[in-house]
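Novice: what follows is a predicted protein model with its sequence.
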Amino acid sequence: MNPNQPITAMQPIFEQLAAYNQWANQTLAGKLRTLPEEKLRQPLASSFPSMHQTVLHMWVASSAWYRRLWPQDGVEQPGLDYGGAFDQVVDNMLRLDARWLERIREAAPGWLEQSIRYQNSRQQTFAEPVWQILWHLFNHNTYHRGQLTTLLHQAGEGQGIPGTDFILFCRLPGNTPVQ
C-alpha cells in the first residue's frame, strides 16, 4: 500500500479489521461461554469488576460508537447496569460486530474521511474522522480481549484459552491478505 494514497484506499483494511474483530470476539466468547454465570460475575481485579462486566463494556462501547455513526439504525444502547445473562450480552455484541462489518463493506467512497461530531458520556463534544473511530473501536476491543485472557487466568480458567492474534485470523482459509 502506498503511504501517499488517500485514506479511502484503506477501506479493505478496515473491512479486514472488522472481520477480525468479529472472529476474535466470537472465538474468545466460545471459551467464556463454557463458564457458569457465577464464575463470569466473580469479582476480579481489572478495569471492570468481572468478566461479565468487561464483555458488557465492550458491547456498550461498540453500541455507542455505532449509534454515533448511524443513529438512524436503532441499535440498542445498553448501560453498564444491563441485567441480562452473559449469553445475551455476547449474542448482542456479536450481532453488532456483524453489523459493523456489513456497514463497512457497504460504505461509500470517501466515507472514512468524513468527520463525525458527537458527545461522549461526559457530554463533551468532539469531532473525528470515521477512520480514527474505527481504529479506536477495534483497538479498544483488542485491549479488553487481552484483559479477559488475564481474568480467565485469575479465575483459574487459563486452560484452553484460544488465541485471538490478528495473524491467526489471517492464516485461516479464505482470509486473504489485503493488497
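Specialist: Okay, I see it. Numbering: from 1, shown residues only.

Novice: which parts of this protein are strands?
Specialist: Using DSSP state E, the strands of the chain run over 115-119, 125-129.

Novice: next, format the ones you listed as JSON lines and append mean neighbour count.
Specialist: C-beta here means a position set from N, CA and C on the backbone, and glycine is covered the same way. As requested, the strands of the chain are arranged in JSON lines below (neighbours: other Cβ atoms under 10 Å):
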{"stretch": "strand 115-119", "mean neighbour count": "12"}
{"stretch": "strand 125-129", "mean neighbour count": "12"}
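
Novice: mind pulling up the pLDDT for the spatially most central residue of the chain?
Specialist: By Cα atoms, centre = their mean, the mean C-alpha position of the chain lies nearest to residue 141, the distance being 4.2 Å. pLDDT for residue 141: 98.

Novice: quick check, it in contact with residue 65.
Specialist: No - the criterion here is Cβ atoms under 8 Å, and residue 141 misses it with residue 65 at 10.6 Å.

Novice: returning to that earlier point: and of the strands of the chain, who's closest to residue 82?
Specialist: Closest to residue 82 of these, according to Cβ to Cβ: strand 115-119, at 20.9 Å.

Novice: which residues sit against the closest one?
Specialist: 68-69, 125-130, 133 (Cβ atoms under 8 Å, 6 or more residues apart in numbering).

Novice: so how far is that strand from its chain's centroid?
Specialist: With Cα atoms, centre = their mean, to the nearest Å as the basis, strand 115-119 stands 19 Å off its chain's centre.

Novice: now swap in stretch 128-135 and tell me
Specialist: Distance, centroid of stretch 128-135 to centroid of chain: 14 Å (Cα atoms, centre = their mean).

Novice: how about it: buried residues?
Specialist: Within stretch 128-135, the residues scored as buried using 16 or more other Cβ atoms under 10 Å are 130-131, 133-135.

Novice: so can I have CSV of those showing pLDDT and distance to residue 170?
Specialist: Output for the buried residues of stretch 128-135, formatted as CSV (pLDDT from 0 to 100; distance: Cβ to Cβ, whole Å):
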residue, pLDDT, distance to residue 170
130, 97, 24
131, 97, 20
133, 98, 23
134, 98, 18
135, 97, 18
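
Novice: closest one to residue 120 out of these, please.
Specialist: Nearest member of the buried residues of stretch 128-135 to residue 120, counting by Cβ to Cβ, is residue 133, at 11.9 Å.
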